[in-house]
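Here's a sequence, model it:
(chains A and B)
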Amino acid sequence: AQKITQTQPGMFVQEKEAVTLDCTYDTSDPSYGLFWYKQPSSGEMIFLIYQGSYDQQNATEGRYSLNFQKARKSANLVISASQLGDSAMYFCAMREVPEGYQKVTFGTGTKLQVIP
Amino acid sequence: NAGVTQTPKFQVLKTGQSMTLQCAQDMNHNSMYWYRQDPGMGLRLIYYSASEGTTDKGEVPNGYNVSRLNKREFSLRLESAAPSQTSVYFCASSVSSPGGEQYFGPGTRLTVT
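Now for the predicted structure:
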């Protein structure tokens, strides 16, 4: 079974609108960490936001927020006020405790295109 | 600070040739990783190292070997390259904690003909 599932291969959003990128995960461990990374066309991987499984509040970093629904095992990324520079691949990832925090599993990514 | 550096940036190999991808980080991180990225597959973990002197297999280790030379350096070796190993390879490092985000190198684009 896939540990991280991103069901949207590609998405379009109008500039200045908000967009939600979906991520569901699969783990039986109560302690884990969830991450989102951005990969622009230039290829580098950029860390965006982190959510711990015990965190009570949804994580936020500027225009990025993580909609964490633990019971549904979802960790959706919300980008508010989209900008042209947000066009990129976005990857959801999970770090699990039983692996000694070392193994990080990535989803297959969502390609976001922001339309002017 | 340079962060995570990788060499080379590009490489073309013939089937059966060998090569080593080099990775170094200057952030004093204990954990280091090698991933490969293929279209539609996301990033798949090849090997990781929790600390100097230790290495463990990830999801797709076949055809690769690694060496954690010291705390800074983590190399990936292809002993006998195959066309299926054509990919973009990323090295990453992080602190060893649940919230430790990974810092990635710029990647190596490898083509095996």
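
who in chain B is up against chain A?
With the criterion set to Cβ under 8 Å from any Cβ of the partner chain, chain B comes near chain A through B:31, B:33, B:35, B:40-45, B:48, B:50, B:56, B:58-59, B:88, B:90, B:92, B:94, B:96-104, B:106-107. (Glycine included, C-beta is placed from N, CA and C.)

Just want the most central residue of chain B.
With the centre of chain B defined as its mean C-alpha position, the nearest residue by Cα atoms, centre = their mean is residue B:34, 2.8 Å away.

got the contact list for that residue?
With contact set as Cβ atoms under 8 Å, 6 or more residues apart in numbering or on different chains, residue B:34 has these partners: B:21, B:23, B:45-48, B:58, B:64, B:66, B:74, B:76, B:89-92.

Closest to residue B:112 out of the residues you listed?
residue B:89 (11.8 Å; Cβ to Cβ).

Can you report how many residues lie near that closest one?
Around residue B:89 there are 22 other residues, counting by other Cβ atoms under 10 Å in any protein chain shown.

Can you give me the neighbour number for the closest residue to it other than its chain neighbours?
Across the structure, with Cβ to Cβ, 6 or more residues apart in numbering or on different chains as the measure, the residue nearest residue B:89 apart from its sequence neighbours is residue B:108 (4.6 Å). Other residues near residue B:108 number 22, with proximity taken as other Cβ under 10 Å.

again with residue B:30
For residue B:30, the neighbour count with other Cβ under 10 Å is 17.

Which phi and psi values does it adopt?
The phi/psi pair for residue B:30 (degrees, to the nearest 10) reads phi -80, psi -40.

From residue B:97, how far off is the closest residue to residue A:104 other than its chain neighbours?
The shortest distance from residue A:104 to any residue other than its chain neighbours is 4.8 Å, reached at residue A:95 (Cβ to Cβ, 6+ apart). Going from residue A:95 to residue B:97 by Cβ to Cβ, to the nearest Å gives 9 Å.

who has more neighbours, the two?
With neighbours defined as other Cβ under 10 Å, residue A:95 and residue B:97 compare such that residue A:95 has more, 27 against 13.

follow-up on the earlier one: quick one: strands adjacent to the helix or strand containing the residue nearest to the centre of chain B?
Element membership for residue B:34, per DSSP states H and E: strand B:31-38. The strands that strand B:31-38 pairs with in its sheet are strand B:42-49 (antiparallel), strand B:87-94 (antiparallel) (by DSSP bridges).
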